[in-house]
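Peer 1: The following block contains a protein sequence and its predicted model.
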Amino acid sequence: MDLPDRRELLAAERGTVFGEAELRIALVYPSPYRAAMSSLGYQQIYRVLHAMPGVAADRAMLDVPRTLESDLPIGSYPLLAYSVAYELEIAGVVETLDHAGIPVLVSERDNRHPLIVGGGPLTFSNPAPMAPFFDVIVMGEGEELIVELVTLARDVGFVRERLWKALEGKPGYYLPHLHGEQVPPVAAVDDALLPARSVIMTPNTELSDMFMTEAARGCSRGCTYCVMRRSTNGGMRVVPREVIVGGVPAHAQKVGLVGAAVTDHPQITDVVRDLVESGRQIGISSLRADKLTDELVGLLARGGYRTLTVAGDGASERMRRVVERSTRASHLIQSAEYAARYRLHTLKVYMMLGVPSETDDDVDELVELSKQLAAVHPRVAYGLAPFVAKRNTPLDGSPFAGINLVDARLDRLRGGIRKAGLAAKVEVRATSARWAWVEYMLAQGESAGGLAVMDAQRAGGSFADYKKAFKARGVEPTGPRARVPSSQELIALHKSKRLAVLAP
């Protein structure tokens with residue numbers, strides 16, 4: 001991997017926090033810099049740590065092995081805090097620890113080594129494959145827990161056995177040595193701490209020089225494949241319009257509104273209007289086709305939009321009902337009409353293939369929809385991903401459709417588009433079915449999956465290496481499970497003094 005120049009990265013940043021501190025923590029992201037600095041959660045923890053008296057955070061990434069702020073190896077820090085977004089990033093955890101000369105497995109470390117703490121979006125789904133590598137895993141929303149953990153770690157002198165004892169019984173922490181495969185519920189922060197906002201802006205990301213801010217946390221919808229559905233952490237928590245707009249610094253010329261369902265914000269059009277009329281460009285992380293209006297898309301076009309991106313997720317009307325997605329074909333066609341009216345370059349539509357009960361007929365229906373979309377807008381791009389069942393969703397335990405089947409469905413779609421004479425108008429961009437299968441094996445697996453990642457990464461990290469490692473470690477999907485209740489649900493059950501079975 002070609003490593004970027006640390007000094008050049010820092011010179012291009014705006015908002016980097018320097019300064020002396022009694023305690024410095026290495027904040028590690030197991031993917032390259034471009035991905036790390038596009039993560040609002042990673043930046044939020046950076047903000048929170050720097051707000052602690054006497055504490056500072058120095059960043060490191062997969063391609064930045066020495067910390068940016070201090071130019072030190074991560075092995076020289078008393079505590080490494082990792083943010084892991086999804087299953088395939090576990091390989092980056094192994095690589096960064098190996099590169100630093102730190103024993104990868106908890107069982108091989110002692111108090112001469114740094115404390116290794118994990119957290120991030122993967123904890124909302126299945127952090128069990130992370131368990132072999134982390135002394136502590138912070139579950140869910142970590143802004144409050146990371147402060148408590150760092151405070152306790154400092155109090156006990158960064159001795160892992162003492163920290164484990166101090167954390168035992170506290171909610172929000174997964175202690176693999178104690179909990180084993182029984183992952184505890186995720187935590188939620190006080191709404192007063194919302195929203196998360198960027199600290200650092202840089203041109204060296206996909207979101208070049210964009211200031212990111214949450215418009216809402218969580219989601220109001222019940223899509224059955226999604227971890228961040230309305231039953232997770234109290235559903236959608238809306239940030240007031242004046243807080244969103246008032247928190248944007250004067251120097252920010254590009255603003256990204258972040259959240260699982262930004263266009264479900266009751267004042268989203270007003271928020272976008274405020275930002276656009278202040279002369280700023282705008283970006284939104286998730287546009288729901290059924291929430292688009294002529295006024296909103298017109299404002300987005302004024303705010304610099306060139307691609308209108310929406311999600312269909314199911315290949316047909318029937319499949320969208322299967323996953324309880326409220327989007328309909330009519331919404332997608334209307335999105336194409338808006339994109340054409342405001343002369344946006346591309347209509348991009350996210351879709352899944354290999355959803356349970358899907359057939360060739362569903363794919364053929366997507367071809368027919370492509371004809372309708374292309375008749376309205378001259379450039380349509382599908383972003384296609386194989387369906388991967390995640391824990392803590394109603395589709396938990398659903399089997400992977402199969403690499404050959406997903407590839408065959410993809411070929412059928414592309415062939416249908418070619419036959420219809422739409423190849424110049426409709427582009428199909430698909431993620432790998434092979435790597436989706438690897439993701440599935442980890443998403444549905446236990447801690448042995450993490451050991452397989454370690455073996456595969458050290459063997460070279462190819463797909464064949466993962467197949468071999470899964471077989472050698474006996475990694476198999478564990479099948480359907482009862483859903484783990486959220487913190488709010490546990491509190492509600494406790495208050496009502498009821499016993500209940502929380503079914504998927």
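Peer 2: Perfect, I can see it now.
Peer 1: what separates the closest residue to residue 305 other than its chain neighbours from residue 85, distance-wise?
Peer 2: What sits nearest to residue 305 in space, not counting adjacent residues and going by C-beta to C-beta, 6 or more residues apart in numbering, is residue 344, at 6.0 Å. C-betas here are computed from N, CA, C, even on glycine. Relative to residue 85, residue 344 is positioned 28 Å away (C-beta to C-beta, to the nearest Å).
Peer 1: between the two, who's got more neighbours?
Peer 2: Per other C-beta atoms under 10 Å, whichever of residue 344 and residue 85 has more neighbours is residue 344, with 22 against 18.
Peer 1: and the more buried one, helix, strand or coil?
Peer 2: Using DSSP: H, G, I helix; E, B strand; the rest coil, the structure places residue 344 in coil.
Peer 1: pLDDT score for it?
Peer 2: Model confidence at residue 344, given as pLDDT, is 97.
Peer 1: Name all residues that make contact with it.
Peer 2: 297, 301, 305-308, 338 (C-beta atoms under 8 Å, 6 or more residues apart in numbering).
Peer 1: For residue 178, the count of nearby residues, please.
Peer 2: Quick note: residue 178 (other C-beta under 10 Å) scores 13 neighbours.
Peer 1: and whatever helix or strand it lives in, average pLDDT?
Peer 2: Residue 178 belongs to helix 176-179 when elements are defined using DSSP states H and E. Throughout helix 176-179, pLDDT has a mean value of 96.
Peer 1: could you say what helices and strands the helix or strand following it packs with?
Peer 2: Where DSSP H and E defines the elements, the next helix or strand beyond helix 176-179 is strand 211-214. Here strand 211-214 touches helix 40-51, strand 254-258, going by 3 or more C-beta pairs under 8 Å, 6 or more residues apart in numbering; DSSP states H and E.
Peer 1: Now the first one: buried residues?
Peer 2: Within helix 40-51, the residues that qualify as buried are 40-50, counting by 16 or more other C-beta atoms under 10 Å.
Peer 1: Could I get the average pLDDT for that helix?
Peer 2: Helix 40-51 comes out at a mean pLDDT of 97.
Peer 1: got a list of contacts for the next helix or strand after that helix?
Peer 2: Next in sequence after helix 40-51, counting helices and strands by DSSP H and E, comes strand 55-61. Outside strand 55-61, the residues that touch it by C-beta under 8 Å, 6+ apart are 17, 19-33, 35-36, 45-46, 49-50, 66-70, 72, 74, 77, 81, 96, 150.
Peer 1: just the helices in the stretch 201-350 of the chain please.
Peer 2: For the stretch 201-350 of the chain, the helices defined by DSSP state H, counting those that start in this stretch occupy 241-246, 268-277, 294-302, 317-322, 329-341.
Peer 1: May I have stretch 247-254 exported as PDB, CA atoms only?
Peer 2: Output of stretch 247-254 as PDB, limited to C-alpha atoms (Å, rounded to 0.1, in the frame of the first residue of the first chain):
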ATOM      1  CA  GLY A 247     -23.800  25.000  14.300                       C
ATOM      2  CA  VAL A 248     -22.300  25.400  10.800                       C
ATOM      3  CA  PRO A 249     -19.100  27.500  11.000                       C
ATOM      4  CA  ALA A 250     -18.900  30.600   8.900                       C
ATOM      5  CA  HIS A 251     -15.900  29.200   6.900                       C
ATOM      6  CA  ALA A 252     -17.800  26.100   5.800                       C
ATOM      7  CA  GLN A 253     -18.800  26.400   2.200                       C
ATOM      8  CA  LYS A 254     -19.900  22.800   1.700                       C
END
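Peer 1: From the rest of the structure, what touches that stretch?
Peer 2: 14, 195, 197, 201, 207-211, 213, 255, 275, 279-283, 304.
Peer 1: ok, of those, which come out buried?
Peer 2: 195, 197, 201, 207, 210-211, 213, 255, 275, 280-283.
Peer 1: what two of the residues you listed have the greatest distance between them?
Peer 2: Between any two of those, the greatest separation by C-beta to C-beta is 19.2 Å, found for 195 and 281.
Peer 1: Can you get me a residue count around residue 1?
Peer 2: 8.
Peer 1: Touching, residue 447 and residue 131? I think so.
Peer 2: Yes: using C-beta atoms under 8 Å, residue 447 is in contact with residue 131, at 4.2 Å.
Peer 1: any shared contact partners between the two?
Peer 2: By C-beta under 8 Å, 6+ apart, the residues touching both residue 447 and residue 131 are 176, 181.
Peer 1: who's more crowded, those two?
Peer 2: The neighbour comparison of residue 447 against residue 131 (other C-beta under 10 Å) goes to residue 131, with 24 against 19.
Peer 1: Quick one: residues contacting the residue nearest to the more buried one when sequence neighbours are not counted.
Peer 2: Among residues not flanking residue 131 along the chain, residue 176 sits closest, at 3.7 Å (C-beta to C-beta, 6+ apart). For residue 176, the contacting residues are 106, 131-132, 134, 137, 447, by C-beta under 8 Å, 6+ apart.
Peer 1: how does it look with 7 Å?
Peer 2: 106, 131, 134 (C-beta atoms under 7 Å, 6 or more residues apart in numbering).
Peer 1: Restricted to strands, list those residues.
Peer 2: Judged by DSSP state E, strands contain none of the contacts of residue 176.
Peer 1: Farthest-apart pair in the contacts of residue 344, please.
Peer 2: Farthest apart among the contacts of residue 344 - using C-beta to C-beta - are 306 and 338, which lie 13.5 Å from each other.
Peer 1: which one of these two has more residues nearby?
Peer 2: Between residue 306 and residue 338, counted using other C-beta under 10 Å, residue 338 has the larger neighbour count: 23 against 11.
Peer 1: Next one, pLDDT for the closest residue to the more buried one other than its chain neighbours please.
Peer 2: Among residues not flanking residue 338 along the chain, residue 297 sits closest, at 4.1 Å (C-beta to C-beta, 6+ apart). Looking at residue 297, its pLDDT is 98.
Peer 1: who are the neighbours in contact with residue 297?
Peer 2: Contacts of residue 297 (C-beta under 7 Å, 6+ apart): 308, 338, 342.
Peer 1: if we take the residues you listed, which one ends up nearest to residue 419?
Peer 2: residue 308 (26.4 Å).
Peer 1: measure the closest one to residue 394 for me?
Peer 2: 29 Å.
Peer 1: neighbour count winner among those two?
Peer 2: More crowded of residue 308 and residue 394, by other C-beta under 10 Å: residue 308, with 24 against 20.
Peer 1: isn't that one right next to residue 345, touching?
Peer 2: No: checked against C-beta atoms under 7 Å, the pair residue 308 and residue 345 is beyond contact range at 9.0 Å.
Peer 1: ok, residue 216 touching residue 265?
Peer 2: Yes: using C-beta under 7 Å, residue 216 is in contact with residue 265, at 5.4 Å.
Peer 1: quick one: common contacting residues for these two?
Peer 2: In contact with both residue 216 and residue 265: residue 238, using C-beta under 7 Å, 6+ apart.
Peer 1: can you pull out the helices in the stretch 351-500 of the chain?
Peer 2: Going by DSSP H, counting those that start in this stretch, the stretch 351-500 of the chain shows helices at 360-376, 403-419, 433-443, 447-459, 463-473, 487-496.
Peer 1: Pull out the buried positions in the fourth one.
Peer 2: It refers to helix 447-459. 447-457.
Peer 1: Give me the helices and strands touching that helix, please.
Peer 2: Helix 447-459 sits against helix 90-100, helix 463-473, with contacts defined as 3 or more C-beta pairs under 7 Å, 6 or more residues apart in numbering; DSSP states H and E.
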